[in-house]
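> structure here, sequence nowhere to be found:
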């Protein structure tokens, strides 16, 4: 079984190590040749939350040099890089028999998937906490679930069953949107607050003033999505904060490293939902412009 | 003519240097004996915007050891220290003939002044940009006005006329509230944004995303005060941003130095006005909790 993991970021490397451990033939498709060379030479090093470090031999290549049609394509790039991947890779005829798996924050990508030619398309939501230490090293700080659900076509239960030990679980297609919304809500609360205030995820709960802001951001996301499960959704957000308490969110890491963040895919998406319903979402608007301001400040 | 300046902060030292230059007999009343000793030994050093540095010999003492009734008491402490000053100093019988001059951000102190026994009470608003480099050195980065107006009793025009060259100007009592509101609005926009995002005052204008947040904070302050001069008030805020563009606001400096800020006197006051009118002020609420969160974060 051939698995192509697209993207050499934290989640891409983590997933490549999972599939490698299961004995699948994994290729990591990177953006730069330097990273591919490094991964071919050194493999992937995974440091766990307990400090244990393991190394996995891996095959890597730059994306445009990958030609073998794989059984699975696991797309682990950010929303803002997705357009390119879909255009340059997924649409190629030789990859039309592959099953595509999309793992992105937010829900913007769902509107792009219907145009794809593949019969089987899966969307997934990741709750693992992981950060990239170098181009071949990651720190797997928080263990979580990977909720996998069909966006189009069928799901190969035997394949995913074997991945259960890494937190993977298959959800029925009718739950897909709800699962992605839950993650979106958690991201729309935790990511901008941690990035604006330079704090770890856990401080969203322990600093009472941040918690007040979190409650207001939550309320706006909850209303814009038209959900009716306020209590259990808020509990979900609190659980993610606790479970990833010692993590620095991906948005905070992006800001600290002067990279573009996923604010458009997260808070921007919530704002677009609100706008459709004529709702003003001032707290979400504040963090949206606030993160954009930090991006711009760091560029100078 | 005896002038007591209460408070050895940036504004206190700047004003002490002004009154000393005019030949008045100035005493700076400090909180710590260390600062009083240093000021008696080294005087006040004032570096101007052009880099020029001048030194002024000064007499200093800790507050509770100051006994001589002065003609003028210039109260240059922050809102949150005002209670103590009013209780320990202004209420003493020997100071009841003095004219009190209050120079604070926000407008909270105006409700405390009516209980004072003095016949002549003045409130002032400062637009000078100044930061403290050490306990005896300040950097006078931005030249601005000091608007002085009677809160109770008469105003000694001859005294203030001599201070004109330092930007002082006397405004009629009926303008006092408007002048203080203008400064409050400027502070409620500039201070929290610069402190939250760690930027100089000028960036509120040059970073378009911060400007969007500034516009929304302005709108809330404007509405909560029930003003009807939106355009000219916004122009005033922009002017202050430009004139103090290279300054780090007092709130940013407080956050950077782990000190309590004046957020309660500024955004907290705007929120209290909004509340009285049943208005929700979400942007002001965001910065209020945001600054409180940073204060708490820095305490740990």
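Received it, and whenever you're ready, just let me know what you need. Owing to the predicted nature of the structure, the values given are computational and were not obtained by experimental measurement. Numbers count the residues shown, from 1 in each chain, chains lettered A, B, ... in the order given.

> pLDDT below threshold where in chain A?
Counting by pLDDT under 70, chain A has low-confidence residues at A:300.

> let me see the ranges of the helices in it.
A:10-21, A:33-42, A:79-85, A:157-161, A:176-197, A:203-206, A:208-224, A:230-243, A:250-256, A:267-276, A:282-299 (DSSP state H).

> may I see the buried residues of the third one?
In this case it means helix A:79-85. A:79, A:81-82, A:85 (16 or more other Cβ atoms under 10 Å in any protein chain shown). (Each C-beta comes from the backbone N, C-alpha and C, glycine too.)

> want to throw those into TSV with distance to chain B?
Shown next, in TSV, are these (distance: Cβ to the nearest Cβ, whole Å):
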residue	distance to chain B
A:79	19
A:81	22
A:82	24
A:85	28
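
> endpoint to endpoint, stretch A:239-255 covers what distance?
End-to-end distance of stretch A:239-255: 24 Å, with Cα to Cα, to the nearest Å as the criterion.

> other residues contacting that stretch?
The contact list for stretch A:239-255, computed with Cβ atoms under 8 Å, 6 or more residues apart in numbering or on different chains, reads A:10, A:105, A:127, A:129, A:131, A:141-142, A:144, A:186, A:190-192, A:194-195, A:198-202, A:204-205, A:214, A:256, A:260-263, A:266, A:291, A:294-295, A:298.

> check stretch A:42-59 too.
Contacts made with stretch A:42-59 from outside it, assessed by Cβ under 8 Å, 6+ apart, are listed as A:13-14, A:16-17, A:20-21, A:25-28, A:39-40, A:133, A:136-143.

> now do the buried residues in it.
Buried residues in stretch A:42-59, defined by neighbour count with 16+ other Cβ under 10 Å: A:43-47, A:56, A:58.

> swap in stretch A:277-291?
Here stretch A:277-291 shows A:281-291 as buried, counting by 16+ other Cβ under 10 Å.

> what does stretch A:159-179 give?
By 16+ other Cβ under 10 Å, the buried positions in stretch A:159-179 come out as A:159-160, A:163, A:166, A:168, A:170-171, A:173, A:176, A:179.

> and these, which two are the farthest apart?
A:166 and A:173 (21.6 Å; Cβ to Cβ).

> returning to that earlier point: dump the helices of chain A to JSON lines, plus distance to residue B:226.
Output for the helices of chain A, formatted as JSON lines (distance: least, Cβ to Cβ, whole Å):
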{"stretch": "helix A:10-21", "distance to residue B:226": "51"}
{"stretch": "helix A:33-42", "distance to residue B:226": "59"}
{"stretch": "helix A:79-85", "distance to residue B:226": "44"}
{"stretch": "helix A:157-161", "distance to residue B:226": "62"}
{"stretch": "helix A:176-197", "distance to residue B:226": "31"}
{"stretch": "helix A:203-206", "distance to residue B:226": "36"}
{"stretch": "helix A:208-224", "distance to residue B:226": "25"}
{"stretch": "helix A:230-243", "distance to residue B:226": "35"}
{"stretch": "helix A:250-256", "distance to residue B:226": "38"}
{"stretch": "helix A:267-276", "distance to residue B:226": "29"}
{"stretch": "helix A:282-299", "distance to residue B:226": "21"}
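
> out of those, flag the one nearest residue B:123.
Within these, the stretch nearest residue B:123 is helix A:208-224; the backing value is 30.7 Å (Cβ to Cβ).

> show residues contacting the closest one.
Helix A:208-224 is contacted by residues A:184-185, A:188-190, A:192-193, A:197, A:199, A:203-205, A:230, A:233-234, A:237, A:241, A:270-271, A:273-274, A:277, A:279, A:281-284, A:287, B:282, B:285-286, B:289-290, B:292-293, B:296 when judged by Cβ under 8 Å, 6+ apart.

> give me the angle between it and helix A:230-243.
130 degrees (axes from the mean of the first three to the mean of the last three Cα atoms, to 10 degrees).

> and helix A:208-224, how far out from the chain's middle?
With Cα atoms, centre = their mean, to the nearest Å as the basis, helix A:208-224 stands 22 Å off its chain's centre.

> buried sites along it?
Within helix A:208-224, the residues that count as buried by 16+ other Cβ under 10 Å are A:209-214, A:216-224.

> how about the residues of the stretch 101-250 of chain A by chain B?
Residues of the stretch 101-250 of chain A found near chain B (Cβ under 8 Å from any Cβ of the partner chain) are A:196-199, A:203, A:207-210, A:212-213, A:216.

> what residue in the stretch 1-150 of chain A comes nearest to chain B?
At 17.2 Å from chain B, residue A:80 is the closest residue in the stretch 1-150 of chain A, using Cβ to the nearest Cβ.

> swap that for the stretch 51-200 of chain A, please
Closest approach between the stretch 51-200 of chain A and chain B, counting by Cβ to the nearest Cβ: residue A:197, at 5.9 Å.

> go on, the stretch 101-250 of chain A?
For the stretch 101-250 of chain A, Cβ to the nearest Cβ, closest residue to chain B: residue A:209, 3.8 Å.

> roughly how far apart are that residue and residue B:249?
Using Cβ to Cβ, to the nearest Å, we find residue A:209 at a distance of 20 Å from residue B:249.
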